[in-house]
Structure formats: structure tokens, C-alpha cells
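Visitor: predicted coordinates and the sequence they were generated for:
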Protein chains: 2
Amino acid sequence: MPEVRCCQCPLRQLPLFMPNNADEIALVQSLKRCELRVGPGETLIQEGQTEASLFTLLTGWAYRFKTLSDGCCQILNFLLPGDFIGVQQKMIAVAEHGVMSLTDAVLCVFRRDALWELHRQSPSMGFNVTWLSAREESLVDEGLLSVGRRSAEGRISALLILLFKRAAARQADGGAAGVPFPLTQQHIADALGLSLVHTNKTLRKLERRGMYRIEQARLHIIDTGKLMNLADLYDPLSNRTSASRPLV
Amino acid sequence: MPEVRCCQCPLRQLPLFMPNNADEIALVQSLKRCELRVGPGETLIQEGQTEASLFTLLTGWAYRFKTLSDGCCQILNFLLPGDFIGVQQKMIAVAEHGVMSLTDAVLCVFRRDALWELHRQSPSMGFNVTWLSAREESLVDEGLLSVGRRSAEGRISALLILLFKRAAARQADGGAAGVPFPLTQQHIADALGLSLVHTNKTLRKLERRGMYRIEQARLHIIDTGKLMNLADLYDPLSNRTSASRPLV
DNA sequence: CGACGTGTTGATCTCTCTCAATTAGAGTGG
DNA sequence: CCACTCTAATTGAGAGAGATCAACACGTCG
């Protein structure tokens, strides 16, 4: 199968992504080295690896994780099409976390100096990289809030809703027919700091209460309101706290 | 007290920070709006706030946090002198987390467009912002690993060691005389997803076992080895996993 | 067909939470 | 100088959410 030209990148057409001009697209194309196709469960970056590559996820899902010496694993966040992989590694020599594919996936592989060239040749795209980086951090923040302060029910509700929203934003129907959901219960447990058994029991409880449904590896959210409630997630449109003025 | 000129910034002299040339320093100076002095426990950025400013922490400590509707709070990470405050807010309109000072602190306040100007006028400093952003994310990653997969003892050990290292890197003696430690046990509990009571009991246990000491608000690590063990923290110098080659 | 990965469920155990009470230190005002 | 108040630290006792252990069901695959 031929490689995708950046100017025809299917991701670029999604409303989720910012429009780029021809020069910018050409720059990205010039930094792209090749494509990489992997199956599910393949290690893209190993913990402790040096000289990891910089990727972009073109299709498929993946996740970042860390492990303790007893082998138990904490998933840091999930990566969906369009997400960067390996920005941290480029910056910090040795990889402090691993990355593993969750499904069949196609990755764009970039030159090792791509991040720097992007900043140098296009400040505006460099700025976007910082933006994406900050965006990813806020996903981890949300995960930390879940694991630190929500009950098992709350964590699962929050994860389902947030993953649904991210996935739905990447498809044309906005999630009306559900979204792909390739996680096993073990992945959910590892992302939420729960045991596999307890994850299963909580998942079943929510399913029996008619809050969500997973069929043929697709997730359908049935009762958004109840899930949002359980998760204690706020609707970003309604500001919960009284409006506040900047300090300076 | 007069404001600090960027060219005389005390932080710049620490080995922790990268050297900058005169142009770069002048650029930063031109983006600096003023200084802000705050006492402990002041809100620098409120959750849900729009139009937050961009700061740099010149002296003192602070922390980023999120709260649930029942008022319980999760600390995301601690901010030490030299850290950015508000990069995420600049990028994502509405603040998804709050920031609060922990001690008396002096902040450099920057123009709202400082982040963009930095990228535009100095790609290399823009690149550094991305680097710092990635660096901060990896701190949150470590916190998530702790809260998700470590026992109470492990979490506290990891927090003490990591905070000690960060603080020690900012002082001339490298931590020989201990480092400032302005956290209350409530802060530790909120950072680690533990209750205040259990935090206290665990802290005392480790102290009685002679692993650390806190005196006059200064932290001394007595037995690094034992703490590292409890935390299941690896020495970055010894690679635990077999060396691995990049995938591409 | 057996081996394996994933999901499901029940029983038991334990780490951590919650509730409650006490102590110590720093202000504050008289 | 001494009550009075407030916050932070401390400790004990009981309760509970979630972990662990154990079995079984089901589909896939070599």
C-alpha cells in the first residue's frame, strides 16, 4: 500500500485539527521519514530506551505506560489518531515511559530532528507542538484526578465518557453509531489503578444499570447524564465556579 | 524592593538551567510585564478561570490542583523556582486546574502573548518551552504511577525523594543541609490520593524507621536506599531493563 | 483437542478511610 | 502574662471499598 502524502492526510480534514497552509504541509512532508505498520500489542517505545523515534499516530490506538519492578503497569493515557508519540523522549534522552499499540496501527515516522526543525522553520507549528503537549498533559491531569480522588464507579464513568468524546471527535457521525473501543478490561484496570476483578464487577454494574453498552468492540454511551454524574465531571459550557477575574 | 532584571536572574546561574545568550535574555525581559509578590495559600489561577496570565516562579513554591464538586482536592504537581505557571491556560482558553502558592513567592508576570512571541522571535527558546512542557508532563506521569500502583508507603517515599531531588538541584549545597519543605500533611495527602490520617500514620512510620527527618520546615533524607526501595524507584543511571534499540 | 486469553462471579482478606479525641504551637486580645 | 482560638499533627477504634484467591465460561487458534 502506498504511503500517505501529508497533503492528503485524512486527519487534516477533521474539524478537530487546525488548517495548515501549503508551506507548512510541505515542511511536515519533508520531515516525514516513512510509515510504520504494526499489529496490536506491539512495543513502539520501550521504557528506558534511548534514541526513540518521533511518531504520529495515523490510524489505530495506542497507550503510554510505566511499570514497576514487580511488573505491574500503570497506563498514563491513551493515544488516538493524530496524537504525537515520543515528544518527551526526543527531549529527555531516555524514555521514562513505554508506548504500546492497542490495535493495528499506521504511524508516520519523523526524522529525529523533526521537532527542532519544525520549531526553527515554522514558529507557528512549533507553537502548536507546545499546545499539543499542554493538551496531553491535561489528559494526564484528568487521569490523576480520577485515580487519586474518584471511586471505582467514578473512574470508570469518567474514562468511558472522555474516551468516547475523544474518539467521537474523530469520526464523521460524531459518535452516533458508537466509537471503536479496543480496550480489554485489563487495560481499563491498568489505566484506573484498579484490580482486574473489581474493574469487571464495576463495569458490569454500570452496564446493567443501562449507562453504556459495548458491542462488537464499539462503545455506545446510553445515559450520558448519569455517567457524568457518577464521574462528577462538569459540563465545560456551564461554569460551576463563579466567574473570576485574572489576578494580574 | 526593585524588580529583578532578567539578565541578573538568580535562577539563570544554577547549573540546572541552560545558558542563554544576550539576545534571548533581552527578549524575555521585553516580554516581562511585572513582578507579583504573594503570601502562602493564595490563588494564582482559579479553576475555570479564563484569560489567566503566564507566570514564572522566581522564588517560593506552589502547586497545581483540581477539585471535585464535593470540594476534595487532588494536587497534580508541585512547582518550584524556575517553573512555568499557566502554559496550559494560555493554550486552552479556560483553566482546567487551579494554581495556589505554598509559601511566600515572587512571580514574574509575562505578557499574554509572551508564549507566541517567544516561539516567533526565538525558535530555540520556543523549543525549550516545549521541552519544559514535556518535562512537567513526566512529573505528572510519575505522580499517576504512584497514586495508581504504589502502596501508601511507596507513594510517600517516592514523593519525598523526588521533591528532595528537585529542591536540592536548586541550591548550592546540593541538599547537604536539607531542603525547604513547606508542605503540610494535608498537601501530601492531596497529592498522593490518601486520607490525612493515613498519611500521618505512614509518615510517622517511615520517620521512626529512620528514613527521613523534617526539622524547622526542612527535609533531610537519611536513608536514600531504603526509601528508593520502598518507592520502587529506579536509579536512572543503572538501566534496569535490557538495553533496547529503536524500532525505526 | 488442549492451551490460552478474556470475561464473569463468589468468598475472603486487608489496606486505607472515616469518626473521634487529644496534643502542641502560633497568634490575639485583654 | 494568661486565657482563648485556630491550625497542624497525632493516635486509637471501627468500617468499608477494593484487593486477592479461586473457579468457571467462552471463543480462538495451533
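Guide: Great, that's in hand. The structure displayed is predicted, hence computed values, not measured ones. Numbers count the residues shown, from 1 in each chain, chains lettered A, B, ... in the order given.

Visitor: now the helix ranked longest in chain A: buried residues?
Guide: Criterion DSSP state H: the longest helix present in chain A is helix A:123-149. With burial defined by 16 or more other C-beta atoms under 10 Å in any protein chain shown, the residues of helix A:123-149 counted as buried are A:123, A:125-149. No exception for glycine: its C-beta is placed from N, CA and C like everyone else's.

Visitor: same deal with stretch A:68-88?
Guide: Quick answer for stretch A:68-88 (16+ other C-beta under 10 Å): A:68, A:73-88.

Visitor: so which of those residues sit within strands?
Guide: Per DSSP state E, strands hold the following members of the buried residues of stretch A:68-88: A:73-79, A:84-85.

Visitor: so which of the buried residues of helix A:123-149 are also by chain B?
Guide: Among the buried residues of helix A:123-149, proximity to chain B is found for A:123, A:126-127, A:129-131, A:133-138, A:140-145, A:147-149 (C-beta under 8 Å from any C-beta of the partner chain).

Visitor: where does chain A get nearest to DNA strand D, residue-wise?
Guide: Chain A approaches DNA strand D most closely through A:H198 (3.0 Å), counting by C-beta to the nearest atom of the strand.

Visitor: residues in chain A within reach of DNA strand D, list them.
Guide: Counting by C-beta under 7 Å from any atom of the strand, the residues of chain A close to DNA strand D are A:151-153, A:193-199, A:202.

Visitor: restricted to buried residues, select those residues in PyMOL.
Guide: A single PyMOL command is used to select the members of those judged buried by 16+ other C-beta under 10 Å:
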select buried, chain A and resi 152+153+193+194+199+202
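
Visitor: ok, so of the residues of chain A next to DNA strand D, who is nearest chain B?
Guide: Relative to chain B, the closest of the residues of chain A next to DNA strand D is A:G193; by C-beta to the nearest C-beta it sits at 3.1 Å.

Visitor: and the helices in chain A, which stretches?
Guide: Going by DSSP H, chain A shows helices at A:22-31, A:87-91, A:114-121, A:123-149, A:152-168, A:185-192, A:196-208, A:224-231.

Visitor: domain map for chain A?
Guide: A:6-124, A:145-231 (automatic domain parsing).

Visitor: gap between the two ends of the last one?
Guide: With C-alpha to C-alpha, to the nearest Å as the measure, the first residue of domain A:145-231 is 11 Å from its last.

Visitor: near DNA strand C, anything from that domain?
Guide: Yes. Counting by C-beta under 7 Å from any atom of the strand, DNA strand C has neighbours in domain A:145-231: A:184-186, A:196-197, A:200-201, A:203-204.

Visitor: just the buried ones from the residues you listed?
Guide: Buried among the residues of domain A:145-231 next to DNA strand C (16+ other C-beta under 10 Å): A:L203.

Visitor: related to what we said a few turns ago, give the contact list for the residue of chain A closest to DNA strand D.
Guide: A:H198 is in contact with A:152, A:189, counting by C-beta atoms under 8 Å, 6 or more residues apart in numbering or on different chains.

Visitor: quick one: contacts for A:D223?
Guide: Residues in contact with A:D223 (C-beta under 8 Å, 6+ apart) are A:210-212.

Visitor: and the pLDDT for it?
Guide: Model confidence at A:D223, expressed as pLDDT, equals 95.

Visitor: now it: phi and psi?
Guide: Main-chain torsions, A:D223, degrees, to the nearest 10: phi -120, psi 90.

Visitor: cool, and A:G210?
Guide: According to degrees, to the nearest 10, A:G210 has phi 70, psi 40.

Visitor: run a quick neighbour tally on the residue nearest to it when sequence neighbours are not counted.
Guide: Spatial nearest neighbour of A:G210, excluding adjacent residues (C-beta to C-beta, 6 or more residues apart in numbering or on different chains): A:I222 at 5.7 Å. Using other C-beta atoms under 10 Å in any protein chain shown, A:I222 is surrounded by 13 other residues.

Visitor: for A:I222, give its distance to A:I161.
Guide: Relative to A:I161, A:I222 is positioned 12 Å away (C-beta to C-beta, to the nearest Å).

Visitor: next: A:L76.
Guide: 19 Å.

Visitor: and what of A:R112?
Guide: Taken as C-beta to C-beta, the span from A:R112 to A:I161 is 37 Å.

Visitor: re the thing from before, hang on, the residue nearest to A:G210 packs against A:E207?
Guide: No. With contact defined as C-beta atoms under 8 Å, A:I222 does not count as touching A:E207 (9.3 Å).

Visitor: mutual contacts of the two, please.
Guide: A:R213.

Visitor: please name the nearest non-neighbouring residue to A:G148.
Guide: Going by C-beta to C-beta, 6+ apart, A:G148 has B:G193 as its nearest residue, at 3.2 Å.

Visitor: next, count neighbours for A:R213.
Guide: Here the count is done by other C-beta under 10 Å, and A:R213 has 12 residues near it.

Visitor: beta-bridge partners for it, please?
Guide: A:R213 has these beta-bridge partners by DSSP bridges: A:H220.

Visitor: so what's it up against?
Guide: Here A:R213 is in contact with A:207, A:219-220, A:222 (criterion: C-beta under 8 Å, 6+ apart).

Visitor: distance of it relative to A:T224?
Guide: Applying C-beta to C-beta to A:R213 and A:T224 gives a distance of 13 Å.

Visitor: number of nearby residues for the closest residue to A:S195 other than its chain neighbours?
Guide: Nearest non-adjacent residue to A:S195, counting by C-beta to C-beta, 6+ apart: A:A189, 6.2 Å away. By the criterion of other C-beta under 10 Å, A:A189 has 24 neighbours.

Visitor: bridging residues for A:Y63?
Guide: Under the criterion used (DSSP bridges), A:Y63 bridges to A:F78, A:M100.

Visitor: so it sits right up against A:A105, yeah?
Guide: No. In this structure, A:Y63 is not within contact of A:A105 by C-beta under 8 Å, at 11.2 Å.
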